[in-house]
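Novice: Build me a model from this:
(one chain, ligands or ions: 2)
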Amino acid sequence: MENFTFKNTTDIRFGKDRLDTELQAAIAQFGQKVLVTYGGGSIKKSGLYERAIKALAGLDVTELSGIEPNPKIASVREGQKLVKDNDIDVILAVGGGSVIDASKVIASAKFYDGDPWDLVLDSKKRFAIDQLPVVDILTLAATGTEMNTGSVISNPETKQKLGTGGPNTPAVSFLDPSLTFSVSKWQTAAGSIDIFSHLTEQYFDQKGYENDVRNGLIEGIMRTVIKWAPVALREPDNYDARANLMWASTMALNGLPRTGNVNSWSVHPIEHELSAYYDITHGVGLGILTPHWLGFIYSEETKPYFVSLGRNVWDLTGDDDTVATQTIAKTREWLASLDVPTTLPGVGIETDQDFDAMAKSAVQVNHLDQNAFVKMTTTDVRNLLEAS
Ligand code: NZQ
Ligand code: ZN
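Specialist: Ligands and ions are numbered 1, 2, ... in the order given. Now for the predicted structure:
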């Protein structure tokens with residue numbers, strides 16, 4: 001195992017209906033002036049908006065609405081103006097990953113006088129400045145943003161979708177699984193695939209360490225998602241299903257599954273190009289690419305990873321070769337069973353006109369030709385896109 005430091009200070013408030021009694025104090029500990037951020041209106045439809053505003057009674061509330069999926073830099077710019085003009089003390093982000101991601105960058109942008117896109121392009125700038133505390137009420141199980149420092153922001157003008165890290169994880173995260181009962185089948189599937197992909201990206205440890213703690217953790221969370229995603233699709237208001245998916249989302253990307261290993265992600269940077277060019281749903285894009293990527297990385301050398309995945313996650317038995325190849329087939333089958341498109345034409349990407357530019361950018365952004373678990377050239381990425 002590598003040496004590592006693990007520190008994560010997010011105050012998790014997991015469970016039903018806690019926000020009604022706990023939100024006020026969770027916010028007020030940071031000040032009176034709060035910016036409430038949200039998306040396109042799902043929280044108004046579900047009644048969550050009213051509950052949150054009621055819980056904030058007596059505080060000085062400013063609002064930023066309309067944060068889109070694949071959040072755009074325009075929302076961050078709008079938020080930067082609001083936090084500065086109103087001298088905001090704390091942000092309350094109510095929504096899915098997009099709302100929380102944008103809010104984290106707005107939290108940094110209060111302390112930056114230039115264009116916040118600079119902060120996305122160069123995360124180091126964010127470590128040199130302060131960041132407002134972010135409290136969130138998560139409404140979709142997927143990204144893990146509720147307990148990590150990351151954000152992913154899109155700039156439609158430059159066709160870029162880039163990850164940025166800040167100094168802090170959210171200060172407090174309210175994780176009420178019942179708030180996800182209203183998540184559509186499409187977003188439930190996409191979120192589950194996103195969780196699964198965070199785990200596959202981290203499972204393939206470049207050094208092949210016998211790190212049983214984190215391997216077991218990843219395998220356990222994978223089994224959880226595989227088991228409960230279909231249940232949530234069938235029974236949207238099944239609390240156990242939603243609770244397992246929500247905690248899996250948080251655990252998959254809060255830093256713990258990465259401890260002690262060395263890895264670098266491949267499928268995410270490629271998917272971010274798809275979203276940058278075609279604004280598709282992140283998790284659906286990951287689901288399309290993942291089986292092809294598994295096929296790409298499979299070799300005699302990497303076979304042991306597939307064998308342990310197959311035995312420990314998919315309960316496969318038999319000789320190693322059979323288990324390894326069945327692991328890819330099982331993954332493909334599970335993804336297809338979630339009833340979202342499994343091909344690029346299925347999400348409306350019918351032409352390869354942008355594949356070269358996308359492949360070049362993916363390789364460049366994540367140094368896939370140098371750091372990936374199995375290194376990828378632009379030709380490899382292009383071929384993967386073609387095959388998808
Ligand atoms: O905008 P509203 O009206 O709220 O509707 C949203 C949105 O249309 C809806 N929704 C959310 N909660 C709901 C709900 N609808 C009904 N009931 C609810 N309870 O779902 C739609 C998608 O929301 P979004 O926030 O975009 O989804 P998600 O949580 O999957 O976030 C995706 C974004 O996060 C990034 C992705 O790239 C993408 O931009 N990621 C962030 C990461 C991180 N910060 O660590 C890591 C991930 O790998 C990922 O890249
Ligand atoms: Zn993801």
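Novice: CA only for contacts and neighbour counts going forward, please
Specialist: Will do.
Novice: May I have the helix or strand encompassing Leu35 exported as CSV, CA atoms only?
Specialist: Of the helices and strands defined by DSSP states H and E, Leu35 is found in strand 33-38. Taking Å, rounded to 0.1, in the frame of the first residue of the first chain, the C-alpha atoms of strand 33-38 are listed here in CSV:
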residue,chain,number,x,y,z
LYS,A,33,-26.7,35.6,5.0
VAL,A,34,-27.4,32.5,2.9
LEU,A,35,-27.5,31.9,-0.8
VAL,A,36,-29.9,29.1,-1.7
THR,A,37,-29.0,27.4,-5.0
TYR,A,38,-31.2,25.0,-7.0
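Novice: Within its sheet, name the partner strands of it and how each one runs.
Specialist: Counting by DSSP bridges, the strands paired with strand 33-38 are strand 60-64 (parallel), strand 90-95 (parallel).
Novice: which residues are in contact with it?
Specialist: 27, 59-67, 82-83, 86-95, 99, 103 (CA atoms under 8 Å, 6 or more residues apart in numbering).
Novice: among these, which ones are buried?
Specialist: Buried by 16 or more other CA atoms under 10 Å: 27, 61, 64-65, 67, 82-83, 88-95, 99, 103, out of these.
Novice: can you tell me which of these are up against ligand 1?
Specialist: Checking the buried ones among the contacts of strand 33-38 against ligand 1 by CA under 6 Å from any ligand atom, the ones in range are 95, 99.
Novice: How far does the helix ranked longest in the chain sit from its chain's centre?
Specialist: What stands out as the longest helix in the chain, according to DSSP state H, is helix 212-234. The chain centre lies 16 Å from the centre of helix 212-234; the measure is CA atoms, centre = their mean, to the nearest Å.
Novice: Would the helix or strand just after that helix count as contacting ligand 1?
Specialist: Once the chain leaves helix 212-234, the next helix or strand it forms, by DSSP H and E, is helix 239-252. No: judged by CA under 6 Å from any ligand atom, helix 239-252 stays clear of ligand 1, getting no closer than 9.5 Å.
Novice: same for whichever helix or strand comes after helix 239-252, what does it pack against?
Specialist: Using DSSP H and E, the next helix or strand after helix 239-252 towards the C-terminus is helix 267-278. Contacts defined by 3 or more CA pairs under 8 Å, 6 or more residues apart in numbering; DSSP states H and E place helix 267-278 against strand 160-165, helix 282-297, helix 355-366.
Novice: neighbouring strands for the first one, and are they parallel or not?
Specialist: Strands flanking strand 160-165 in the sheet, each with its direction: strand 150-155 (antiparallel) (DSSP bridges).
Novice: who touches the strand it pairs with?
Specialist: Under CA under 8 Å, 6+ apart, the answer for strand 150-155 is 70-73, 98, 100-102, 104-105, 120, 145, 160-166, 169, 276.
Novice: near ligand 1, from these?
Specialist: With the criterion set as CA under 6 Å from any ligand atom, the members of the contacts of strand 150-155 near ligand 1 are 70-71, 98, 101, 145.
Novice: any chance of those residues in TSV, plus distance to Asp352, secondary structure and neighbour count?
Specialist: Below are those laid out as TSV (distance: CA to CA, whole Å; DSSP: H, G, I helix; E, B strand; the rest coil; neighbours: other CA atoms under 10 Å):
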residue	distance to Asp352	secondary structure	neighbour count
Asn70	22	coil	23
Pro71	25	coil	25
Ser98	27	helix	24
Asp101	30	helix	29
Thr145	32	helix	27
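Novice: so can I have a markdown table of these showing pLDDT?
Specialist: Formatted as a markdown table, those follow (pLDDT from 0 to 100):
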| residue | pLDDT |
| --- | --- |
| Asn70 | 97 |
| Pro71 | 98 |
| Ser98 | 98 |
| Asp101 | 98 |
| Thr145 | 98 |
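Novice: between the residues you listed, which is closest to Thr21?
Specialist: Taking CA to CA as the measure, Thr21 sits nearest to Thr145 out of those, at 23.6 Å.
Novice: if I pick the nearest residue to the closest one once chain neighbours are set aside, what's in contact with it?
Specialist: Spatial nearest neighbour of Thr145, chain neighbours left out: Gly97 (6.1 Å); criterion: CA to CA, 6 or more residues apart in numbering. Listed by CA under 8 Å, 6+ apart, the contact partners of Gly97 are 138, 140, 142-146.
Novice: In contact with whichever residue of the stretch 251-388 of the chain sits closest to ligand 1, which residues?
Specialist: Here the residue of the stretch 251-388 of the chain nearest ligand 1 is His282; by CA to the nearest ligand atom that distance is 5.3 Å. Contacts for His282 (CA under 8 Å, 6+ apart) come out as 70, 190, 194, 271-272, 275.
Novice: can you do 7 Å?
Specialist: Residues near His282 by CA atoms under 7 Å, 6 or more residues apart in numbering: 271, 275.
Novice: need the residues of the stretch 1-150 of the chain near ligand 1, please.
Specialist: The stretch 1-150 of the chain comes close to ligand 1 at residues 39-43, 68-71, 95-99, 101, 139-140, 142-145, 150, as judged by CA under 6 Å from any ligand atom.
Novice: Buried ones in stretch 2-14, by neighbour count?
Specialist: Buried residues in stretch 2-14, counting neighbours by 16+ other CA under 10 Å, are found at 8, 10-14.
Novice: cool, stretch 372-380 as well?
Specialist: 372-374, 376-378, 380.
Novice: Tabulate these (a markdown table), appending distance to ligand 1 and secondary structure.
Specialist: Output for the buried residues of stretch 372-380, formatted as a markdown table (distance: CA to the nearest ligand atom, whole Å; DSSP: H, G, I helix; E, B strand; the rest coil):
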| residue | distance to ligand 1 | secondary structure |
| --- | --- | --- |
| Ala372 | 16 | coil |
| Phe373 | 17 | coil |
| Val374 | 20 | coil |
| Met376 | 20 | coil |
| Thr377 | 22 | coil |
| Thr378 | 21 | helix |
| Asp380 | 22 | helix |
